[in-house]
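Enquirer: using only what follows, build the 3D model:
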Amino acid sequence: MSKAGIIVLILIFSYSFFKCASPQFEKKRVVYINSYHRGHPSSDEIMDSVVDHFPSDSFNLKSYYMDTKRNPTTDYIQSISTQLTDTILLFDPDILIVSDDNAVKYIVQPNIDRLSMPVVFCGVNGSDKEYDLPPEKVTGMIEILPVEEAVKALQGYYPEMRKMLVLTENTTTSRKEQLMLDTLMSALGLSVSHTLADDFDEWKVAFKEANENEDLIYIVTHGAIRQWDHEAAVGFVHENTKVPVFTCEDFMMPYVVFGMTKVASEQGVWASETAKKILKGKSPGDFPVTRNQLSKGWLNRHLAEKIGFYPDSLLLNTLEIIDN
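Expert: Numbering: from 1, shown residues only. So this is what the prediction gives:
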């Protein structure tokens with residue numbers, strides 16, 4: 001046999017030996033449940049962070065949308081929760097990651113005894129205490145919006161403010177946040193009223209009335225508001241804004257004067273990195289439930305000029321300026 005033939009035989013034998021001797025690599029199975037839909041900016045940022053942390057060459061990641069902002073009825077939520085729970089149980093992942101309250105409330109909490117895998121959540125608003133989840137099995141990052149930080153910044157320019165309207169969508173999260181906001185704003189010397197709008201027309205009526213009767217308006221989000229029209233909303237707020245209007249969501253900046261916003265991707269990064277550590281042998285109990293830390297300041301120049309809000313250089317230098 002030629003020298004070249006001998007080398008080929010050695011290579012074939014070596015490959016066969018190592019293939020038999022080495023166990024086949026099995027990818028860890030990961031399921032990610034998004035409470036909302038593709039196109040909702042905050043949940044998109046969380047989901048993109050999760051997907052980026054679990055590349056397909058190393059993990060078998062399956063992700064699903066609940067779509068509960070656009071479909072908020074109890075019947076729909078119960079139906080999709082049942083379907084997704086069955087899917088999780090069938091796939092039997094090594095870890096389950098969920099974002100926002102509805103995935104925790106309707107999938108994790110009622111099925112915790114049936115879910116054999118550890119669970120990591122993120123995007124749960126304010127507190128996870130109401131869900132009473134076992135810490136040896138579940139950990140997560142709650143989301144605290146920088147509302148207090150935003151209000152305190154504005155009070156430095158409008159110390160006479162006493163009344164605030166919270167204008168948002170009519171969802172589980174919005175209803176959950178009402179008492180928390182009332183308590184927080186009371187400590188800051190503000191009385192709070194709430195409008196949870198179902199559709200765009202209702203939102204516009206509340207916005208216009210609040211600019212006549214309130215000292216401050218907090219615009220939360222619009223994902224579940226039916227018939228929302230971005231261009232019409234921009235024109236409407238430019239026509240009707242008379243008092244400081246602020247938000248804690250960066251994608252709402254076209255409609256408000258001032259923003260102190262969360263950094264949504266922080267949630268997805270933390271959840272993914274924690275999940276990876278658990279997959280390597282850590283327990284959820286090794287990671288106490290934590291809260292988000294990052295925030296970012298914004299100024300809508302045109303609306304700020306409309307109401308005569310001119311931050312001093314100390315604040316202005318920390319803000320990102322938009323000209324919508």
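Enquirer: neighbours of the residue nearest to Lys276 when sequence neighbours are not counted, how many?
Expert: Once flanking residues are discounted, Lys276 sits nearest to His53: 7.0 Å by CB to CB, 6 or more residues apart in numbering. C-beta coordinates here come from the backbone N, C-alpha and C atoms, glycine included. For His53, the neighbour count with other CB atoms under 10 Å is 18.
Enquirer: so what's Trp228 up against?
Expert: Contact partners of Trp228, counting by CB atoms under 8 Å, 6 or more residues apart in numbering, are Phe200, Trp203, His222.
Enquirer: counting neighbours, which of the residues you listed comes out on top?
Expert: When neighbours are taken as other CB under 10 Å, the top entry among the contacts of Trp228 is Trp203 (25 neighbours).
Enquirer: and that residue, how far is that from Ala150?
Expert: Separation of Trp203 from Ala150 (CB to CB, to the nearest Å): 20 Å.
Enquirer: so which of the contacts of Trp228 are in helices?
Expert: Phe200, Trp203 (DSSP state H).
Enquirer: next, format the contacts of Trp228 as JSON lines and append distance to Ile77 and pLDDT.
Expert: Output for these, formatted as JSON lines (distance: CB to CB, whole Å; pLDDT from 0 to 100):
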{"residue": "Phe200", "distance to Ile77": "23", "pLDDT": "98"}
{"residue": "Trp203", "distance to Ile77": "22", "pLDDT": "98"}
{"residue": "His222", "distance to Ile77": "20", "pLDDT": "94"}
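Enquirer: name the nearest of the contacts of Trp228 relative to Asp101.
Expert: The nearest member of the contacts of Trp228 to Asp101, counting by CB to CB, is His222 at 17.4 Å.
Enquirer: picking that back up, nearest to Gln109 among the contacts of Trp228?
Expert: Nearest to Gln109 among these is His222, at 27.1 Å by CB to CB.
Enquirer: assign a three-state SS to the residue nearest to the closest one when sequence neighbours are not counted, would you?
Expert: Distance criterion CB to CB, 6+ apart; nearest residue to His222, sequence neighbours excluded, is Trp228 at 5.1 Å. Put simply, Trp228 is coil when judged by DSSP: H, G, I helix; E, B strand; the rest coil.
Enquirer: phi and psi next, for Trp228.
Expert: Note on Trp228: backbone dihedrals following degrees, to the nearest 10 are phi -60, psi 130.
Enquirer: same question, Leu196
Expert: Backbone torsions for Leu196, taken as degrees, to the nearest 10, come to phi -110, psi 100.
Enquirer: right, and it touches Leu165 too?
Expert: No: assessed by CB atoms under 8 Å, Leu196 is found out of contact with Leu165, at 11.3 Å.
Enquirer: could you measure from Asn211 over to Glu239?
Expert: Applying CB to CB, the value for Asn211 to Glu239 is 10 Å.
Enquirer: neighbour-wise, which of the two wins?
Expert: Of the pair Asn211 and Glu239, Asn211 is the one with more neighbours under other CB under 10 Å, namely 17 against 9.
Enquirer: show me the contacts for that one.
Expert: By CB under 8 Å, 6+ apart, Asn211 lies in contact with Ile217, Asn240, Thr241, Lys242, Val243.
Enquirer: what does the pLDDT read for it?
Expert: Per-residue pLDDT puts Asn211 at 98.
Enquirer: is the nearest residue in space to it that is not next to it in sequence in a helix, a strand, or coil?
Expert: Nearest residue to Asn211, sequence neighbours excluded (CB to CB, 6+ apart): Lys242, at 4.4 Å. What three-state DSSP gives for Lys242 is coil.
Enquirer: coming back round to it: more neighbours, Leu196 and Leu165?
Expert: Neighbour count, other CB under 10 Å: between Leu196 and Leu165, Leu165 has more, with 23 against 19.
Enquirer: any idea how far Ala271 is from Thr173?
Expert: 18 Å.
Enquirer: same check on Ile97?
Expert: 18 Å.
Enquirer: re the thing from before, quick one: the contacts of Trp228 as CSV, columns for distance to Gly259 too.
Expert: Formatted as CSV, the contacts of Trp228 follow (distance: CB to CB, whole Å):
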residue, distance to Gly259
Phe200, 21
Trp203, 18
His222, 14
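Enquirer: from the contacts of Trp228, which is closest to Glu177?
Expert: Of all these, His222 has the smallest distance to Glu177: 15.1 Å, by CB to CB.
Enquirer: report the contact partners of the closest one.
Expert: Thr168, Glu169, Trp203, Trp228, Ala233, Met252.
Enquirer: and the second one, its phi and psi?
Expert: The phi/psi pair for Glu169 (degrees, to the nearest 10) reads phi -90, psi 160.
Enquirer: kindly report the same for Ile97.
Expert: The phi/psi pair for Ile97 (degrees, to the nearest 10) is phi -120, psi 130.
Enquirer: roughly how far apart are it and Ile46?
Expert: 10 Å.
Enquirer: shared neighbours, those two?
Expert: Cys122, Ala271.
Enquirer: pull the number of nearby residues for Thr168.
Expert: Neighbourhood size, Thr168 [other CB under 10 Å]: 28.
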